[in-house]
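Asks: Sharing a model prediction with you, sequence too.
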Amino acid sequence: MMSATQVRLVRLALIVALIVLWEFYARFISTSSLVAGPSDVAMAWWPKVIGDARVLTAVGVTLIELAVAFAMSVIFGMLIGVLIGLSDIGRRSLYPLVLMLYGIPQAILLPLFVLVFGLGPASKIAFGFSHGIFPVIVNTIAGMRNVSPLLMAGAAAMGASRAQQVRHVIFPHMVTTVFAGLRLAMTLTLLGVVLAEIFVSQGGVGFFTLLYSETFNPAALMALVLTLALMAIALNELVRLVEARFSRWKD
Amino acid sequence: MRRDTLLIRSIQFGLLAILFGIWWFVAHSSQRLLLLLPPPELVWTQMQFLWTSGRLASAALITVEEIVKAYAIAASGGIVVGFLVARSRNLMRIFEPMLAGLFAVPLTLFFPLFVVFFGIGPESKVAYGATYSFFPIALNTIAGFAGVDELYLRSVRSMGASSLQQLRYVYLPAAMPVTLTGLRIGFFICIASVLGGETLAAAAGIGKSIALAAELMETSRLYAWIAFVVIVSVMLNLMALAAETRSERKRG
């Protein structure tokens, strides 16, 4: 059995080896102008991509779209989830419908979203929202089922109103499941926003991914895409940190 | 119990009927909405047209071929990689977090790269779909094989089972449910990513037809294409659900 440090070292070595191989391939083997090595990507990253004020603005626009879509997903998703999950009949009749909707490949609705909400940020927000809301609804309903009926009966016996039961018994027990949903919602909201950005964009990152692909600038394209991927990982970690904060009561 | 089921079904169908009624009513209430919300009967006419003219079949053929190819690559690659990684604790501790971390990034970000490398044709959609659905399949295969109870392994070894027999009688039955879940998730991700890729950049296929109908503002045709995809995906979901319920019952 390897120690945790050894595992980390091997992982690091693997990543370094991959980067070196990629550089070697791009430099000495590939004759295609479409293959950019890590050094080209790094050189494109600083002055050209991140140094460009227009790209930074575009990243900012996309982040705002993401934030609005995510906030809407969380608020409406939890609201709808609680409403459906409160009653047994509600859950058993509406939950399957939610799952059905969740199962539809939403990418086919993208052109319709653009038609309805226009070319600007509104269509990105709406499309991110329609992706993000489902895991929040589903996990809110699942989280409400996790609450032991005994605790609910106990609270009711002590005279807790329905609202108090929701606030003091149901909410704290939902945290783990709901946050798993929030993490998924963050990934899916980003997926929706990015899909809509790549489909058509005026001021977001999609404009530049299209620009770089159409002008055959793979180094800049890769630099931008990798930057966005790192941001996605950072956002994921952020949700995880908030989750740790809200689950503290369990210890 | 039976009364309950009846009530639940009537709520479900009632809700769908109400939504359909609202659609019909709103679409007929104003001519200005024709461009965004065509009435149901126009969409139905378009669906019949797409069906009889063979446009649906020719677009579906391209899309289905891409999905099948992408899924074949993802399923075989995911199971092989998952199985190999799960062979040793150390390999698992090295690779599992890397795969899970990559899967948390929306791979759509990389779609423009796929188009640059593989072109606008079916290849970019196959590669994109295969990459996307590889991850859940590999991750679940790892989880499946890693979850095999050590006690079973020790007992069949003590009874002198060869490694082939261990694979056949312990590993495969124990890993099967979780691996199948991965295959199911991967299948739906494969469909979604191929369709998404087609919508973004393609020469032909269902996704491309949808994007084209929107571009030409042929909204009733756009709704007709969407309706076909929704019908097929609901049917696939119901089938997956039925298969899952059955296998759960079998395991007891």
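Replies: That came through, no problem.

Asks: Now for B:Thr181, how many residues are close by?
Replies: One way to gauge burial is a neighbour count; for B:Thr181, by other C-beta atoms under 10 Å in any protein chain shown, it gives 17. (Each C-beta comes from the backbone N, C-alpha and C, glycine too.)

Asks: what helix or strand is it on?
Replies: helix B:172-200 (DSSP states H and E).

Asks: quick one: that helix to chain centroid distance?
Replies: Relative to the chain's own centre, helix B:172-200 is displaced by 5 Å; criterion: C-alpha atoms, centre = their mean, to the nearest Å.

Asks: That helix - what's its average pLDDT?
Replies: What helix B:172-200 shows for mean pLDDT is 91.

Asks: repeat for stretch A:129-140
Replies: The predicted confidence, averaged over stretch A:129-140, sits at 94.

Asks: and it with chain B, contact?
Replies: No: contact of stretch A:129-140 with chain B is not found when judged by C-beta under 8 Å from any C-beta of the partner chain; the minimum separation is 9.6 Å.

Asks: can you dump the C-alpha coordinates of that stretch into PDB?
Replies: Coordinates of the C-alpha atoms in stretch A:129-140 are reproduced here as PDB (Å, rounded to 0.1, in the frame of the first residue of the first chain):
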ATOM      1  CA  PHE A 129     -31.400  27.600 -15.400                       C
ATOM      2  CA  SER A 130     -33.300  24.900 -17.200                       C
ATOM      3  CA  HIS A 131     -30.200  22.600 -16.800                       C
ATOM      4  CA  GLY A 132     -29.500  23.500 -13.200                       C
ATOM      5  CA  ILE A 133     -33.000  23.400 -11.700                       C
ATOM      6  CA  PHE A 134     -33.500  19.700 -12.100                       C
ATOM      7  CA  PRO A 135     -30.800  18.300  -9.800                       C
ATOM      8  CA  VAL A 136     -31.900  20.800  -7.200                       C
ATOM      9  CA  ILE A 137     -35.500  19.700  -7.400                       C
ATOM     10  CA  VAL A 138     -34.700  16.000  -7.400                       C
ATOM     11  CA  ASN A 139     -32.200  16.200  -4.500                       C
ATOM     12  CA  THR A 140     -34.500  18.400  -2.500                       C
END
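
Asks: For it, which outside residues touch it?
Replies: A:69-70, A:72-74, A:76-78, A:80-82, A:84-85, A:98-99, A:101-102, A:106, A:109, A:113, A:174, A:177-178, A:180-182, A:184-186, A:188-189, A:191-192 (C-beta atoms under 8 Å, 6 or more residues apart in numbering or on different chains).

Asks: Over to stretch A:100-110?
Replies: A:127, A:130-131, A:134-135, A:138, A:192, A:195-196, A:199, B:188, B:191-193, B:195-196, B:199, B:206-207, B:210-211, B:225-226, B:229-230, B:233-234, B:236-237.

Asks: Filter those down to the buried ones.
Replies: By neighbour count, with 16 or more other C-beta atoms under 10 Å in any protein chain shown, the contacts of stretch A:100-110 hold A:127, A:130-131, A:134-135, A:138, A:192, A:195-196, A:199, B:188, B:191-193, B:195-196, B:199, B:206-207, B:210-211, B:225-226, B:229-230, B:233, B:237 as buried.

Asks: dump the residue contacts of the residue of the stretch 51-200 of chain B found nearest chain A.
Replies: Among residues of the stretch 51-200 of chain B, the one nearest chain A by C-beta to the nearest C-beta turns out to be B:Gly196. It sits 3.2 Å away. B:Gly196 makes contacts with A:105, A:107, A:110, A:195, B:108, B:111, B:207, as judged by C-beta under 8 Å, 6+ apart.

Asks: 7 Å instead, please
Replies: Residues counted as contacts of B:Gly196 (C-beta atoms under 7 Å, 6 or more residues apart in numbering or on different chains) are A:107, A:195, B:108, B:207.

Asks: now the one helix or strand B:Ser209 maps to against helix B:172-200, angle please.
Replies: Element membership for B:Ser209, per DSSP H and E: helix B:206-215. Using axes from the mean of the first three to the mean of the last three C-alpha atoms, to 10 degrees, the inter-axis angle of helix B:206-215 relative to helix B:172-200 is 30 degrees.

Asks: element containing the residue of the stretch 151-251 of chain A found nearest chain B?
Replies: Minimum separation of the stretch 151-251 of chain A from chain B (C-beta to the nearest C-beta) falls at A:Leu191, amounting to 3.9 Å. In this structure, A:Leu191 sits in helix A:171-199 according to DSSP H and E.

Asks: Kindly report the same for B:Glu123.
Replies: B:Glu123 is part of helix B:122-146 when elements are defined by DSSP H and E.

Asks: what does A:Ala155 give?
Replies: Element membership for A:Ala155, per DSSP H and E: helix A:149-157.

Asks: right, and the helix or strand after that helix?
Replies: Scanning onward from helix A:149-157 (DSSP H and E), the first element met is helix A:162-165.

Asks: Next, the buried residues of that next one.
Replies: Applying a neighbour-count criterion of 16+ other C-beta under 10 Å, one finds A:Gln165 buried in helix A:162-165.

Asks: Equivalent analysis for stretch A:5-24, please.
Replies: Using 16+ other C-beta under 10 Å as the test for burial, stretch A:5-24 gives A:7, A:10, A:22.

Asks: can you pull the contacts of the last one?
Replies: For A:Trp22, the contact set (C-beta under 7 Å, 6+ apart) comprises A:37-38.

Asks: Next, give phi and psi for it.
Replies: Dihedral angles of A:Trp22 (phi, psi; degrees, to the nearest 10) stand at phi -60, psi -40.

Asks: which residue is nearest the middle of the chain?
Replies: Using chain A here. Averaging the C-alpha coordinates of chain A gives a centre point, and the residue nearest to it by C-alpha atoms, centre = their mean is A:Thr187 (1.8 Å).

Asks: ah, I was thinking of chain B
Replies: Among the residues of chain B, the one closest to the centroid is B:Phe188, at 0.8 Å (C-alpha atoms, centre = their mean).

Asks: Please report the distance of it from B:Ala60.
Replies: Summarising the geometry, the distance separating B:Phe188 from B:Ala60, computed by C-beta to C-beta, to the nearest Å, is 17 Å.

Asks: cool, B:Ser162 as well?
Replies: As judged by C-beta to C-beta, B:Ser162 and B:Ala60 stand 47 Å apart.

Asks: If you count surrounding residues, which of those two has more?
Replies: Remark: of B:Ser162 and B:Ala60, B:Ala60 carries more neighbours, 17 against 10, as counted by other C-beta under 10 Å.

Asks: do you know how far the nearest residue to B:Ile206 once chain neighbours are set aside is from B:Gly197?
Replies: Closest residue to B:Ile206 in three dimensions, ignoring its sequence neighbours and counting by C-beta to C-beta, 6 or more residues apart in numbering or on different chains: B:Thr63, at 4.4 Å. Relative to B:Gly197, B:Thr63 is positioned 10 Å away (C-beta to C-beta).

Asks: quick one, helices of the chain?
Replies: Here I'm looking at chain A. For chain A, applying DSSP state H gives helices covering A:4-24, A:38-43, A:53-86, A:88-103, A:110-117, A:121-145, A:149-157, A:162-165, A:171-199, A:205-214, A:218-246.

Asks: wait, I meant chain B there
Replies: For chain B, the helices defined by DSSP H occupy B:2-29, B:40-52, B:55-86, B:89-104, B:111-118, B:122-146, B:150-158, B:163-166, B:172-200, B:206-215, B:219-251.
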